[in-house]
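K.L.:
Structure of the sequence below:
(one chain, ligands or ions: 1)
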Amino acid sequence: MGRLRGLVHGALWLTTLGVVGLVVTVVILDGGGPPPLVAARTNPTAPMVHRIMTTFAAPHRNLMARVIPAADLPVPALLPIGVTAPEDCEAAAFAGAARVNAVSLTALIWSPFRRPETGWEIYAPSVGREIGAACGPESGRFAEALARWQTAHRLTATGVLDEAAFMIMRNRWALARPFVWLTGGGGCPPGPTEADLASALPTESYAGKAIRLTRGSLAGYRRMVAAARAEKPEIAADRRLLAILSGYRSPEADAARCVRDNNCDTVARAACSAHRTGQAVDLALDAIPGHRPDSTVDVDRLRLVRSPAYLWMIARAGDFGFVNYPFEPWHWEWTGRE
Ligand SMILES: [Zn+2]
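P.N.:
Next up, the predicted model:
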């Protein structure tokens with residue numbers, strides 16, 4: 001379904017302007033996927049072409065739209081069952097909010113996780129899941145879903161993503177993390193006993209690194225990865241995807257690591273990492289040479305949240321008891337609630 005959604009978005013006929021003229025085909029491609037299946041007939045005026053391209057492209061930011069001549073036009077097809085047409089992502093009452101979101105998505109200047117950032121694209125998948133949106137962050141349907149969520153959380157239902165809404169979401173995501181429950185009183189969790197820990201197979205870890213997790217976390221991880229591979233061929237095709245970069249780390253190992261990496265930026269991190277619970281895993285979401293899979297640089301984080309592995313995780317990891325810390329797309333914690 002996810003793959004289909006990324007590739008095909010049905011037929012759109014716009015004849016209301018009464019001009020039979022040229023035929024414009026909007027083609028949506030996804031990294032060399034199957035041939036185009038989307039056709040649209042319309043008045044060829046520039047604004048309308050722009051509108052169509054925007055309509056199709058908006059919920060699918062990584063896709064490419066282009067116009068091809070009428071001679072190449074395939075027979076228009078009905079929408080495949082189960083595929084949401086981009087026009088279904090419009091919601092007239094929220095068009096204004098959608099425009100505001102579309103701008104702030106890449107332009108909002110803020111510090112959602114303490115350090116300054118621009119835009120909220122990195123968090124759009126998490127926000128979309130939080131509000132139950134089926135359409136992209138620039139769409140009317142997204143704004144409509146956000147307005148519903150705002151009402152449920154006693155905020156003004158503007159449909160615009162603002163800091164007030166995001167900070168409530170951020171707190172909800174934090175409270176879902178075992179590490180946060182366990183440190184709620186301000187202490188540091190004791191961590192698992194040796195008997196609680198189990199070793200991942202070399203094939204389950206990134207570059208064969210020795211990884212240990214609690215037994216429950218490892219079993220949950222295995223069920224989740226099996227499902228990801230069964231549901232997403234692009235994940236199954238590359239065994240590095242969803243491989244474990246890091247699992248259990250003892251307090252002593254973390255302290256040594258912060259000294260070794262000269263990365264003791266937060267004392268808390270060095271002294272009390274989520275990884276000491278044995279329930280936290282860092283996962284490889286893509287495998288691009290020259291890119292660290294856990295780089296906190298914003299362009300790297302943005303790349304990771306656009307990966308099929310991350311989008312699958314956002315949609316499905318919760319079913320296997322895993323929750324994300326959205327500032328670090330690779331960091332997931334097993335809650336034991338599958
Ligand atoms: Zn981590």
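K.L.:
Can you tell me the centre-most residue of the chain?
P.N.:
P125 (3.7 Å; Cα atoms, centre = their mean).
K.L.:
okay, it: pLDDT?
P.N.:
As predicted, P125 sits at a pLDDT of 97.
K.L.:
Then V259?
P.N.:
So V259 comes in at 75 (pLDDT).
K.L.:
so what secondary structure elements neighbour the host helix or strand of it?
P.N.:
Secondary structure assignment for V259, by DSSP states H and E: helix 251-260. Where contact means 3 or more Cβ pairs under 8 Å, 6 or more residues apart in numbering; DSSP states H and E, helix 251-260 is packed against helix 267-271. For every residue, glycine as well, the C-beta is placed using N, CA and C.
K.L.:
For G132, the count of nearby residues, please.
P.N.:
Residues lying near G132 (other Cβ atoms under 10 Å) number 10.
K.L.:
I'd like the distance from the helix holding V259 to the chain centre, please.
P.N.:
Its chain's average C-alpha position is 30 Å from that of helix 251-260, according to Cα atoms, centre = their mean, to the nearest Å.
K.L.:
Return the set of buried residues in that helix.
P.N.:
Buried residues in helix 251-260, counted by 16 or more other Cβ atoms under 10 Å: P251, D254, R257, C258.
K.L.:
export it as PDB, just CAs?
P.N.:
Only the C-alpha atoms of helix 251-260 are listed here, as PDB (Å, rounded to 0.1, in the frame of the first residue of the first chain):
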ATOM      1  CA  PRO A 251      27.000   3.200  32.400                       C
ATOM      2  CA  GLU A 252      30.700   2.600  32.400                       C
ATOM      3  CA  ALA A 253      30.800   2.100  28.600                       C
ATOM      4  CA  ASP A 254      28.800   5.300  28.100                       C
ATOM      5  CA  ALA A 255      31.200   7.300  30.300                       C
ATOM      6  CA  ALA A 256      34.200   5.900  28.400                       C
ATOM      7  CA  ARG A 257      32.400   6.600  25.100                       C
ATOM      8  CA  CYS A 258      31.800  10.200  25.900                       C
ATOM      9  CA  VAL A 259      35.400  10.700  26.700                       C
ATOM     10  CA  ARG A 260      36.600   8.800  23.700                       C
END
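K.L.:
That one close to the ion?
P.N.:
No - on the criterion Cβ under 5 Å from the ion, helix 251-260 is out of touch with the ion, staying 10.8 Å away.
K.L.:
Over to stretch 196-216?
P.N.:
No - counting by Cβ under 5 Å from the ion, the ion is not contacted by stretch 196-216; separation bottoms out at 11.9 Å.
K.L.:
Contacts for that stretch, please.
P.N.:
Residues outside stretch 196-216 that contact it (Cβ atoms under 8 Å, 6 or more residues apart in numbering) are 192, 218, 221-222, 225, 239-240, 243-248, 277-279, 281, 284, 293, 334, 336.
K.L.:
Buried residues of that stretch, list them for me.
P.N.:
L197, A198, A200, E204, S205, Y206, I211, R212, L213, T214, G216.
K.L.:
quick one: which two of the residues you listed are the most distant?
P.N.:
With distances taken as Cβ to Cβ, the most widely separated pair in the buried residues of stretch 196-216 is Y206 and G216, at 21.4 Å.
K.L.:
quick one, helices of the protein?
P.N.:
Per DSSP state H, the chain has helices spanning 2-7, 46-57, 95-107, 124-131, 140-152, 163-175, 178-182, 215-231, 233-236, 251-260, 267-271, 298-305, 308-316. These are given in chain order.
K.L.:
can you state the direction angle for the fifth one and helix 95-107?
P.N.:
What that stands for is helix 140-152. 90 degrees (axes from the mean of the first three to the mean of the last three Cα atoms, to 10 degrees).
K.L.:
For the chain, what lies in contact range of the ion?
P.N.:
So far as Cβ under 5 Å from the ion goes, the chain lies against the ion at D282, H331.
K.L.:
tell me the contacts of whatever residue of the chain ends up closest to the ion?
P.N.:
Proximity of the chain to the ion (Cβ to the ion) peaks at H331, 3.6 Å away. Contacts of H331 were listed using Cβ under 8 Å, 6+ apart, and they are A274, A280, V281, D282, D294, N324, Y325.
K.L.:
Please apply the same query to A95.
P.N.:
So A95 contacts G140 (Cβ under 8 Å, 6+ apart).
K.L.:
now P125
P.N.:
V305, Y310, L311, I314.
K.L.:
Tell me the one of those residues nearest G187?
P.N.:
When the contacts of P125 are compared for distance to G187 (Cβ to Cβ), I314 wins out at 30.6 Å.
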